[in-house]
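> Provide a 3D model corresponding to the input given below.
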Amino acid sequence: MRDDRHDRWTEGPEVSSGEASEPVAGDPDTARLAEIRMLDRWIGGVLQEQRRSRRWKIFFRLLLAMIVLAGLALSALTLYFTQVPDLADSQPHLGVVEVNGPIDAKSQASAERIIDGLQQAWEDPDAEAVVLHINSPGGSPVQSQRVYDEIRYLESHGDKPILAVIEDIGASGAYYMASAANQIYASPASLVGSIGVISAGFGLEKAIDKVGVERRVFTAGDNKAFMDPFSDMTPSQQAFWQSVLDTTHRQFIDAVKAGRGDRLSDDPALFSGLVWTGEQARALGLVDDIANLEQLSRQRLGEVRLKDYTPSLDPWSALSQKLTSTAAHWLGLSDPVSPLRYQLP
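Below is the predicted model of the structure:
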């Protein structure tokens, strides 16, 4: 009989259009049909597994996207609700500029961002005073000096007072900035001072010898790699680096003396890098009075009227900076470009 599926004559039992018949032993055509059916089932199983795998990949990608979006939304809400409430434009107020966290060109406490806020508050005629609201352990000498210089410049071109209010901590580079203000305020338990310079690292040259690792560094200049933690530092290099720290420390001391004047005590420990409470700092002349931001506003305006002039960060920048700083902290990494820090260790 004729098999329409193969368009040829075959011998054997007739195959109906319904269920396929069981293969007949010894018949090559039916055996081939069985192989085709097995191959078809195998391919179907592979395709089904691939579809299942794709579905899981899509699910996890969507889940990751939702987590990222939730993080961005949370960051945006946090930034929004932590802003000092704004006031009507015509109402006298204190113009607040926030200095939060380590001072660095890539952080939220960068000189560019702080200076931008200072200028906006300075130019607003309804801002009765500009307030640098500080909660920072310090940081980059260059960034601190830039803000210090800008405060001194603004003070020389007008009579609007620039004040500094230290929250939990105003140390090292943060105090460098504050010392340029007309007056400095702190809470009794605030940490103030740490007028010093730090440069920290590791000497790992003996460690790599123990594990049999050869360090290969190629330089042009005898001292180009003198800060390499895997190389020896000679006494002359140590003396040179100490001179750099001493010079930077002297710049810090000169700036504080120029800003604070004869309000400073003659305590020899003042510029030793020690840190004091706000109450102790007042006795040393490092701060002028004990007050927080709300108390200062009531003293000057009779009520709390604050307006935040700190330039806002977009949520993605805030989140990425937070993740970067957290990762650097846990990995024990510091800024390789600026090894000098006005910062508490």
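> so what's Leu191 closest to, chain neighbours aside?
Spatial nearest neighbour of Leu191, excluding adjacent residues (CB to CB, 6 or more residues apart in numbering): Ile169 at 4.3 Å. C-betas here are computed from N, CA, C, even on glycine.
> against Ala200, how distant is that neighbour?
19 Å (CB to CB, to the nearest Å).
> please apply the same query to Pro311.
Following CB to CB, the distance that separates Pro311 from Ala200 is 31 Å.
> between those two, who's got more neighbours?
Using other CB atoms under 10 Å, the more surrounded residue of Pro311 and Ala200 is Pro311, with 16 against 10.
> show me what contacts that one?
Contact analysis of Pro311 by CB atoms under 8 Å, 6 or more residues apart in numbering lists 113, 116-117.
> so which bits of stretch 250-263 are buried?
252, 255-256, 259-260 (16 or more other CB atoms under 10 Å).
> repeat that for stretch 229-242.
230-231, 233, 241.
> so for it, mean pLDDT?
Across stretch 229-242, pLDDT averages out at 85.
> a strand runs through Leu163, doesn't it?
Yes: judged by DSSP: H, G, I helix; E, B strand; the rest coil, Leu163 forms part of a strand.
> and it, how many neighbours?
22.
> surely it is in contact with Gln183?
Yes: counting by CB atoms under 8 Å, Gln183 is a contact partner of Leu163 at 5.3 Å.
> secondary structure class for Arg260?
helix.
> that one and Leu286 touch, don't they?
Yes: judged on CB under 8 Å, Arg260 makes contact with Leu286 at a distance of 7.4 Å.
> returning to that earlier point: what helix or strand is the residue nearest to Leu191 on?
Per DSSP states H and E, Ile169 falls inside strand 162-171.
> run me through the strand neighbours of that strand, direction for each.
Note on strand 162-171: by DSSP bridges, its sheet partners are strand 127-136 (parallel), strand 183-186 (parallel), strand 191-193 (parallel).
> mean confidence score for that strand?
Strand 162-171 comes out at a mean pLDDT of 96.
> start at 7 instead
In the new count, where the first residue is 7, that last one comes out as strand 168-177.
> quick check: buried residues in it?
168-173, 175-177.
> which single one of those residues is nearest to Ala127?
The nearest member of those to Ala127, counting by CB to CB, is Ile168 at 8.9 Å.
> so which elements touch the host helix or strand of Ser249?
According to DSSP H and E, Ser249 maps onto helix 241-266. Contacts defined by 3 or more CB pairs under 8 Å, 6 or more residues apart in numbering; DSSP states H and E place helix 241-266 against helix 147-161, helix 179-184.
> alright, that wraps it up for me.
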